[in-house]
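Asker: return a 3D structure for these sequence lines:
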Amino acid sequence: MEDIETHLASFRLAVKEAGDSVRQLKADKAPKIDVDRAVTILKARKKELEEAEIRLAPKEIDRGKLETLLKQRFFYDQSFQIYGGVTGLYDFGPMGCALKQNMLNEWRKHFILEEGMLEVDCTSLTPEVVLKASGHVDRFADWMVKDLKTGDPHRCDHLIKNAAEAMIASKKTPEPVKEELREILARLDGFDNNDMQAVLVKYNMKSPAGNDLTEPIAFNLMFPTQIGPTGDQRAFLRPETAQGIFVNFKRLLEFNMGRVPFAAAQIGNGFRNEISPRQGLIRVREFTMCEIEHFVDPTDKSCAKFAKVRNYVLTLFTANDQMNGSAPIQIPIGEAVDKKIVDNETLGYYMARCHMYLLKVGVDPKRLRFRQHMDNEMAHYAQDCWDAEIKTSYGWIEEANGKLTITVDGESFELSKEMLSFSREEKKICIEEFTPSVIEPSYGIGRIMYAVLEHAFRQREGDEQRQFLALPPIVAPIKCSILPISAQTQLVEIIEAVKDNLRAHELSFRVDDSAGSIGRRYARTDEIGIPFGVTVDFESEKLPWTVTLRHAESLRQIRLKVEEVGETVEALVRGRLSWEQAEDQSTFLEVQKAYPTITRERIGRAICQLRRDFGKWFATRHGGNLLDQLAGVVDDQLSNSDGDAVHLGSGMPSVLVHGDLWTNNLLWALNGQRGDTDQLLAIIDWQNVHAGNVAEDFVRLLGSSCSPRLRRGGLHRFVSHYLSCLSLEMRRKGHFALPYTHQQIVAAYEKMFGQGLLIMLPSLNACADEGNGLLGEENRQERQAVVLERTRALIDDFFAFRAKNTTR
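Answerer: Sure thing, here's the model as predicted:
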């Protein structure tokens, strides 16, 4: 990295010198032509710096291999390919269509639903009068020239710019000519067709193929059409979706009860008849846009939600840093707003939310920055503007745009007498009139999609021929593959069970039962970005049915029951469960299967020691001993203590992982007190070892930390409190239906009490043994009595619950 910065130092210095020159000329109020010339030099040096950064940076991907993969697996391809194709138009195949739709669904959730925006869906056909008013008819055009020999079109200003820069860089060009060309570049943005034709003729500029050119002609970038059969009403396909929101502003304001601020959003297609579209999905003629118009009071651009993102760190490439040749900075958005680097809180809030969305759909944060428009780039009506730029093999490309603008108000209507009625009233009304300002985040989904695909492209280490897409599960076109190890009929029923389980959780899947090794089929599904794979093998036939779940990116696998596949994959896709947590749960479940074998000896030894040393504590009124009775039911209890089976039998699916719902342990003290186990109820966070079995957690907790009186008297209050807190947490996460009832938890708790008692018994025995030193140095006999009293009470409860469930 240091070597790269050493090479870039001279480029950065050249940019800084040019930037200082622009600042000085503006400070001296120099003629505009001089400022424009200095700006042209600054832009040229900035471009040289960016090209050097890209050239020196490590190569991220082989674009050719990626594009071959995307074409072969039909993510997208040029439209009308069998007729030779049309540049700038693309058809999305099954994988590309699903990926794009998933990205749009996440955009809608992330912005429209979470921010409470007003969504509209306006027509793509726009009458000429609307676009005339917005300036698109007169100004949304480029000057075009054509190659006289080949007929290829070229944007005239780009052709002149490229030719002039090449002549300036050439040693053969005389210095006076170079100076003339610099002057032309400084004024090029203001040239009309006559000015451009004069330059083409004077400097004998040719097409890239070396051929003569036509004279420049105006080419409007909008697609013209007509409405109705007569052709009298001219129209265009919309070049952007914003017009639909602006022309409906009055209706939207009324719908929002006349209140500002509010935000309106639209997802739809835009159309631009680019002269020479290129770079795949980066520049196309038809594209999907997601636009937001957030209307605010121009005197108050504060944002109520800004506090939530104040400490969110962004990479900002400020206008000042660009002029100084400096690298982008990382800064909390709150600090950037406080220092007026970013104009206001609302704009800063949307920049942070934009960053969150891009990361969610798969953009590499190391290749993402926000670049501020410089003064010469800013539209005349804009106060501040930032582009979210993503680094791809094409360089830094603009993916999303957020700007603060001023709307143009004013709309008149003619009223006839038939439309009016009159009445005499007196009202005192205070009205404040203002033209709202607008924060306008705009997203090109096609560009973002291409960047995500580039950033997701991988090659297996040690085998460059094995390529795959590590797409985030939330946007992956297909969430899970199903791969039977064999075509034998005995696996068909298991495969169908897996498919039904995935369908129940609304998860897309693909079955690959084609010929070939399992490794080859894994590679095929990896290529199209399927994040998880279920393998049905011969071990799956054993009851209960189990399958292997494979994580495509890491190649790691876990084994789980068929009925758990959908639940687990959904949690992984939604981000409620990490793969590491899934592995931990799988390991725990494997250990849990061996509980009866592992613990039987320890439990038996604990019962014998308690009987020998403290038998009198467990004597019954009829001359028997509770420990003898307990020893007689250990085998039966351990063989019928599957916590998951109890949950399912009570109608309680294991759908929750406590770590998803609780960031900290929930403590509830009776009478507002804490610290005393006789007055404290708590739920322990077991997310690393157990999924969703809340009844077992209650058994462990109440049996080990609460007195018999509190345990027996507080259970129902504790369950009520737990469900209340659970409901609140689930609502925050967008879920509104609790997965089980109060009575279901209590019933499951009673059935599972025996398992909890037996697991705790060895620990209770160890606590009661004075030789272990767990009773402390003082009041040992009193402490020992408390342990034995609780152990006796636990066994009493065990037999009470056992008798109750047997009666049922």
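
Asker: please, where are all the helices along the stretch 401-550 of the chain?
Answerer: 445-456, 492-504, 518-527 (DSSP state H, counting those that start in this stretch).

Asker: out of those helices, deepest packed?
Answerer: Counting by mean count of other CB atoms under 10 Å, helix 445-456 has the highest mean neighbour count of the helices of the stretch 401-550 of the chain, with a mean of 24. All C-beta spots, glycine's among them, are computed from the backbone N, C-alpha and C.

Asker: average model confidence for that helix?
Answerer: Average pLDDT, helix 445-456: 96.

Asker: output the contacting helices and strands for that helix.
Answerer: Judged by 3 or more CB pairs under 8 Å, 6 or more residues apart in numbering; DSSP states H and E, helix 445-456 is in contact with helix 63-72, helix 94-107, strand 286-296, helix 345-361, strand 382-392, strand 395-406.

Asker: can you put the ones you listed in a markdown table and add distance to residue 48, mean pLDDT and mean neighbour count?
Answerer: Shown next, in a markdown table, are these (distance: least, CB to CB, whole Å; pLDDT from 0 to 100; neighbours: other CB atoms under 10 Å):
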| stretch | distance to residue 48 | mean pLDDT | mean neighbour count |
| --- | --- | --- | --- |
| helix 63-72 | 23 | 93 | 15 |
| helix 94-107 | 35 | 97 | 19 |
| strand 286-296 | 30 | 95 | 22 |
| helix 345-361 | 28 | 95 | 22 |
| strand 382-392 | 17 | 90 | 21 |
| strand 395-406 | 13 | 68 | 20 |
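
Asker: of all these, which lies closest to residue 532?
Answerer: Minimum separation from residue 532 across the helices and strands packed on helix 445-456 (CB to CB) falls at helix 94-107, 15.1 Å.

Asker: for stretch 548-559, the averaged confidence score.
Answerer: Stretch 548-559 comes out at a mean pLDDT of 93.

Asker: quick one: the residue most central in space within the chain from residue 280, how far?
Answerer: Centrality entry for the chain: nearest residue to the mean C-alpha point is residue 360, 1.9 Å, by CA atoms, centre = their mean. According to CB to CB, to the nearest Å, residue 360 stands 23 Å off from residue 280.

Asker: now the helices and strands packed on helix 445-456 in a markdown table, with distance to residue 636?
Answerer: Formatted as a markdown table, the helices and strands packed on helix 445-456 follow (distance: least, CB to CB, whole Å):
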| stretch | distance to residue 636 |
| --- | --- |
| helix 63-72 | 58 |
| helix 94-107 | 50 |
| strand 286-296 | 61 |
| helix 345-361 | 50 |
| strand 382-392 | 62 |
| strand 395-406 | 63 |
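
Asker: packing partners for the helix or strand residue 565 falls within?
Answerer: According to DSSP states H and E, residue 565 maps onto helix 565-574. Counting contacts by 3+ CB pairs under 8 Å, 6+ apart, helix 565-574 packs against helix 492-504, strand 532-536, strand 546-551, helix 579-593.

Asker: residue 370: which of those is closest?
Answerer: Among those, the nearest to residue 370 by CB to CB is helix 579-593 (30.8 Å).

Asker: which is the next helix or strand following the closest one?
Answerer: For helix 579-593, the following helix or strand on the C-terminal side (DSSP H and E) is helix 595-614.

Asker: that following helix - what's its average pLDDT?
Answerer: 78.

Asker: kindly report the same for stretch 268-282.
Answerer: 89.

Asker: what residues sit buried inside that stretch?
Answerer: 268, 270, 271, 272, 273, 274, 275, 277, 280, 281, 282 (16 or more other CB atoms under 10 Å).

Asker: ok now that stretch, how far from the chain's centre?
Answerer: Offset of stretch 268-282 from its chain centre (CA atoms, centre = their mean, to the nearest Å): 26 Å.

Asker: ok, back up a step: cross-check the contact I'm expecting between the residue nearest to the centre of the chain and residue 452.
Answerer: No: if you go by CB atoms under 8 Å, residue 360 and residue 452 don't touch, sitting 10.4 Å apart.

Asker: what do these two both touch?
Answerer: The contact sets of residue 360 and residue 452 do not overlap (CB atoms under 8 Å, 6 or more residues apart in numbering).

Asker: send me the helix holding residue 565 as CSV with only the CA atoms.
Answerer: Provided in CSV are the C-alpha atoms of helix 565-574 (Å, rounded to 0.1, in the frame of the first residue of the first chain):
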residue,chain,number,x,y,z
VAL,A,565,-34.5,-27.5,7.3
GLY,A,566,-37.0,-24.7,6.4
GLU,A,567,-36.7,-23.0,9.8
THR,A,568,-32.9,-23.0,9.8
VAL,A,569,-32.5,-21.9,6.1
GLU,A,570,-35.1,-19.1,6.6
ALA,A,571,-33.2,-17.9,9.7
LEU,A,572,-30.0,-17.9,7.8
VAL,A,573,-31.5,-16.1,4.8
ARG,A,574,-33.1,-13.4,7.0
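
Asker: contacts for it?
Answerer: Applying CB under 8 Å, 6+ apart, the set of residues contacting helix 565-574 from outside is 473-474, 476, 479-480, 498, 501-507, 531-532, 534, 547, 549, 560, 577-579, 582, 653-655, 657, 660.
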